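Student: Would you be able to build a 3D model of this:
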Amino acid sequence: MSTRSAPRTLIQGGAIITMDAEVPNLATGDVLIEGDRIVAVAAKIPVGDAELIDARDCIVLPGLVDAHHHAWLGVMRRLMPNVDDLFAYIRVVADTLGAHYRPLDMYASTKLTAAASLDAGITTLIDACHSSRSPEHTDAALDALDSAGIRALHMVGAAMDKNAPAAHLPRDLERLARAWNHDGGRVQVGLFGQFKLDWWQAARALDMRILTEFIGDLAKLGPEFAEKGVLGSHNIFNHCARIPEETWKLFADAGVNITVNPRSDALFGFDDESFAYQQAIDHGLTPALGIDLDTAFGSDLFGEMHALFGQQRSAMRYRRFRGEAAAPAPISVEAVLQAATVNGARAAGLERSIGALTPGKQADIIMVGAGGVGVFPVNNAIGAIVQAVERSDVDTVMVAGQVRKRAGKLVGVDVAKLSAEVAASRDYLLEASGYRPDHFGTLATATSTAA
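Tutor: Model prediction:
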């Protein structure tokens, strides 16, 4: 008779992608979970006292990591599907709508993003919050992430709109660190600090990670950031389009983390054939994938994997066609999946805990149905994940050993209630701001009747 206090679950009979070079992939195998940990991965695990999850006709792999997402934009889904002007985007989401956000709007948006992420097999989210208008707004976002059951690193940052209060930052970081940044915490806090060196220093004193959005045409890295010890593995730089070679060398020497958003970077025209993902690879870095925003997309990392595969091959083939004999090789599906799992875990500072099906790591696991007409027959499991699978194929999602989606349905989420809360939040924001979206328009922006 077992005396174990932690419940055990056996995922049985699936194709196993481990993302760990030391733990072989298996055409058919089992994964044993005890409590919140993976304890074994093998072709056959005889266990008599575990709850069984039948994984036949499924692919089992680590949960996906969305390494950059503004979760607070959830209620603005597809509000600006054609926008290509960053500053027009900021005028709408920050100056017009964001300026009216209440804590409950922050909660509704973040909860929606977290739930949609789990539904799509994303078990970890780096939440890039450039709308931390008050401690109450931050608390609402953190409560939403925690209640959703997702693993998250919430990056606290000043709101983008010009008149937003920011006096509570960075001093509020100490309170947040005490409340959330304990060992093993599923939800933790970092700093969305941009190029504020004094804010960085405050965050580093609290052992926090630091996020900076960096587009070479819009910002430069000053000499003070090249001082010894300023940059390191605690830094996450997003976009990284069109930045100079000396900056890439500085990043490589410091071992910073790079995140790219293939669809968003293309939407705004940030990137070119130099391709930030490839620049990071060429400098020995390990870029991760993010979704970035809901105003044109949504919580679907499969779309980012599709885009990365196509964009890298297009950019590198163009360079070769142009006569660059040493152009980098075409990307592989293995590299794409690594960007969506292992590299994302590293960006979040969680590479020892998640990102691979390794015994001892947290049981952040997804199970993807391979029996759908768009997926079978599975002749290459990684190719199926990167090139064929969609959110509707995600059957089971587990975070820290807790099932968050089963048999294609979210667990513990009242979708009707969430929908009503999100609709009420959106309607309030539109009324308060005077913004009037065009439901069938083709323009990049709609109109505002606000004075």
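
Student: Could you say which helix or strand holds Ile382?
Tutor: Using DSSP states H and E, Ile382 falls within helix 381-387.

Student: do the same with Gly441
Tutor: Gly441 is part of no helix or strand, with elements assigned from DSSP H and E.

Student: ok, now Ala88?
Tutor: Counting by DSSP H and E, Ala88 is part of helix 86-90.

Student: could you give the mean pLDDT of that helix?
Tutor: Taken as a whole, helix 86-90 has a mean pLDDT of 95.

Student: ranges for the helices of the stretch 1-150 of the chain?
Tutor: 86-90, 103-119, 135-148 (DSSP state H, counting those that start in this stretch).

Student: any idea which of these is most buried?
Tutor: Of all the helices of the stretch 1-150 of the chain, helix 103-119 has the most neighbours on average by mean count of other CB atoms under 10 Å, namely a mean of 26. Every C-beta, even on glycine, is put in place using the N, C-alpha and C of the backbone.

Student: So what's the gap between that helix and the chain middle?
Tutor: Distance of helix 103-119 from the chain centroid (CA atoms, centre = their mean, to the nearest Å) equals 13 Å.

Student: residues in contact with Gln362?
Tutor: 36-38, 151, 353-354, 400-401 (CB atoms under 8 Å, 6 or more residues apart in numbering).

Student: Closest one to Met305 out of those, please.
Tutor: Ile354 (17.8 Å; CB to CB).

Student: and the closest one, what does it touch?
Tutor: Ile354 is in contact with 62-63, 65, 123-124, 151, 345, 348, 361-362, 364, counting by CB under 8 Å, 6+ apart.

Student: just to revisit the earlier point, output the contacts of Gln362 in TSV, with pLDDT appended to each entry.
Tutor: Shown next, in TSV, are these (pLDDT from 0 to 100):
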residue	pLDDT
Asp36	98
Arg37	98
Ile38	98
Arg151	98
Ser353	98
Ile354	98
Ala400	98
Gly401	98
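
Student: about what we covered before: relative to Asn261, tell me which of the helices of the stretch 1-150 of the chain wins on proximity.
Tutor: Judged by CB to CB, the one of these that comes nearest to Asn261 is helix 86-90, at 12.8 Å.

Student: which residues of the stretch 301-450 of the chain fall in helices?
Tutor: Under the criterion DSSP H, counting those that start in this stretch, helices of the stretch 301-450 of the chain are mapped to 301-321, 333-340, 342-347, 381-387, 415-433.

Student: Contacts for the longest one, please.
Tutor: Under the criterion CB under 8 Å, 6+ apart, residues 64, 66, 120-122, 260-263, 266, 271-275, 277-278, 289-291, 297, 327-331, 333, 336-337, 339-340, 385-387, 389-391 lie in contact with helix 301-321.

Student: Buried subset of these as a PyMOL selection?
Tutor: Command for PyMOL, covering only those of the contacts of helix 301-321 found buried under the criterion 16 or more other CB atoms under 10 Å:
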select buried, resi 64+66+120+121+122+260+261+262+263+271+275+277+278+289+290+291+297+327+328+331+333+336+337+339+340+385+386+387+389+390+391
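
Student: Out of the contacts of helix 301-321, which sit inside strands?
Tutor: Among the contacts of helix 301-321, the ones falling in strands (DSSP state E) are 64, 66, 122, 260, 289.

Student: For the residues you listed, work out which two are farthest apart.
Tutor: Based on CB to CB, the longest span within those runs between Ile122 and Val260 and measures 16.3 Å.

Student: Report the contact partners of the most centrally placed residue in the chain.
Tutor: Residue closest to the mean C-alpha point of the chain, counted by CA atoms, centre = their mean, is Asp66 at 1.6 Å. By CB under 8 Å, 6+ apart, Asp66 lies in contact with 117, 122, 124-126, 289-291, 299, 301, 344.

Student: quick check: domain ranges of the chain?
Tutor: 8-63+362-408, 74-347 (automatic domain parsing).

Student: among those, which is nearest Ser425?
Tutor: Of the domains of the chain, nearest to Ser425 by CB to CB is domain 74-347, at 4.2 Å.

Student: now the residue nearest to the centre of the chain: how far from Ile258?
Tutor: Distance, Asp66 to Ile258, by CB to CB, to the nearest Å: 15 Å.

Student: Tell me the span between the first and last residue of stretch 393-405.
Tutor: Distance across stretch 393-405, first residue to last, is 12 Å (CA to CA, to the nearest Å).

Student: And it, what's buried?
Tutor: 393-401, 403-405.

Student: Centre of the chain to that stretch, how far?
Tutor: Its chain's C-alpha centre and that of stretch 393-405 lie 16 Å apart, by CA atoms, centre = their mean.

Student: List the contacts of that stretch.
Tutor: By CB under 8 Å, 6+ apart, the surrounding residues in contact with stretch 393-405 are 7, 9, 11, 33-37, 53, 58, 63, 118-121, 123, 149-151, 186, 362-370, 372, 374-375, 406-408, 410-412.

Student: hmm, try it at 7 Å
Tutor: Here stretch 393-405 makes contact (CB atoms under 7 Å, 6 or more residues apart in numbering) with 33, 35-37, 53, 58, 63, 118-121, 123, 149-151, 186, 362-369, 372, 375, 406-408, 410-411.

Student: do the same with stretch 261-280
Tutor: Outside stretch 261-280, the residues that reach it (CB under 7 Å, 6+ apart) are 68, 84, 86, 215, 239-242, 248, 258, 260, 287, 290-293, 296-297, 303-304, 307-308, 311-312, 315-316, 318-319, 328.
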